[in-house]
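K.L.:
only geometry, no sequence info:
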């Protein structure tokens, strides 16, 4: 049976990272056409995969992405705002310029992409958020604040930009190759705090993204879903 995403166009930002690569491959496997925004890294060329290299710092970056996607593939059916600036910035070292840079990638560009997507008759938009929007972590205060703002943007867009549905996915730790060896203290701390005692893998994230954008979830908009191994359900004292 054909997938409901077959021949649909999915625009994915940050498509060359761990989660972005999994999202790209998953929707390609579903028969979608993927228009992937990349910046510093590359993706392997594949059938039905189109790429645009855009640095969010460039003027009119969001408009360039949307306009290019429509010019190349004719339409956009779904938008996934996955790109993120995750720089560690202790609050006592933060400056307005540094905070602006994080918010630019994590809030300002997604906001513009969402607005342009609505005008382009996109069916649904998914914003990739983080549990750090709700759970403070030292050194991640500005990043967490930007994701909290993204969650608020999801709620507002869900109301203002109907009939486009706008949803969020609030992620916990997503593993990648070598993470256990590279960051044992963080992985062990996560596993001891998470109800399910493990991190997610990027393929699991992609499968949840599929559901959220699908017709099975068509009665939802403005909502951000937790996908965090249960960590948000635990008291932190």
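P.N.:
Structure's in. What do you need? Keep in mind that this is a model prediction, so the values were computed, not measured.
K.L.:
Which strands or helices does the longest helix that the chain contains pack on?
P.N.:
Counting residues, the longest helix found in the chain (DSSP state H) is helix 141-160. With contacts taken as 3 or more C-beta pairs under 8 Å, 6 or more residues apart in numbering; DSSP states H and E, helix 141-160 sits against helix 96-103, helix 109-119, strand 124-130, strand 165-171, strand 224-227. C-beta: built from backbone N, CA, C; applies to glycine.
K.L.:
Name every strand pairing with the shortest one and say which way it goes.
P.N.:
Strands flanking strand 224-227 in the sheet, each with its direction: strand 165-171 (parallel) (DSSP bridges).
K.L.:
buried residues in the helix or strand that the strand it pairs with is followed by?
P.N.:
With elements assigned by DSSP states H and E, the helix or strand that comes after strand 165-171 is helix 179-182. By 16 or more other C-beta atoms under 10 Å, the buried positions in helix 179-182 come out as residue 179.
K.L.:
Would you mark the buried spots in the longest helix of the chain?
P.N.:
Quick answer for helix 141-160 (16+ other C-beta under 10 Å): 141-151, 153-154, 157-158.
K.L.:
ok, and what's touching it?
P.N.:
81, 85-91, 94, 98-99, 102-103, 106-107, 110-111, 114, 118, 125, 127, 129-130, 132-137, 164-168, 170, 221-224 (C-beta atoms under 8 Å, 6 or more residues apart in numbering).
K.L.:
Show me which of the residues you listed are buried.
P.N.:
Using 16+ other C-beta under 10 Å, the buried members of the contacts of helix 141-160 are 81, 85, 89, 99, 102-103, 106-107, 110-111, 114, 118, 125, 127, 129-130, 132-135, 164-168, 170, 221-224.
K.L.:
Can you give the distance from the helix or strand of the chain with the lowest mean pLDDT to the centre of its chain?
P.N.:
In the chain, no helix or strand scores lower on mean pLDDT, DSSP states H and E than helix 184-193, which sits at a mean of 92. Taking C-alpha atoms, centre = their mean, to the nearest Å, one finds the center of helix 184-193 at 23 Å from the center of the full chain.
K.L.:
try stretch 215-222
P.N.:
The answer for stretch 215-222 is 17 Å, by C-alpha atoms, centre = their mean.
K.L.:
Show me what it is in contact with.
P.N.:
4, 154-159, 162, 165-167, 211-212.
K.L.:
let's see it at 7 Å
P.N.:
Stretch 215-222 has contacts (C-beta atoms under 7 Å, 6 or more residues apart in numbering) with 4, 154-155, 158-159, 165-167, 211.
K.L.:
same question, stretch 196-205
P.N.:
Stretch 196-205 is contacted from outside by 18-19, 22, 26, 171-175, 187, 190-191, 227, 229-230, using C-beta under 7 Å, 6+ apart.
K.L.:
what's the farthest-apart pair in those residues?
P.N.:
Farthest pair in those (C-beta to C-beta) is 26 and 191. Separation: 25.2 Å.
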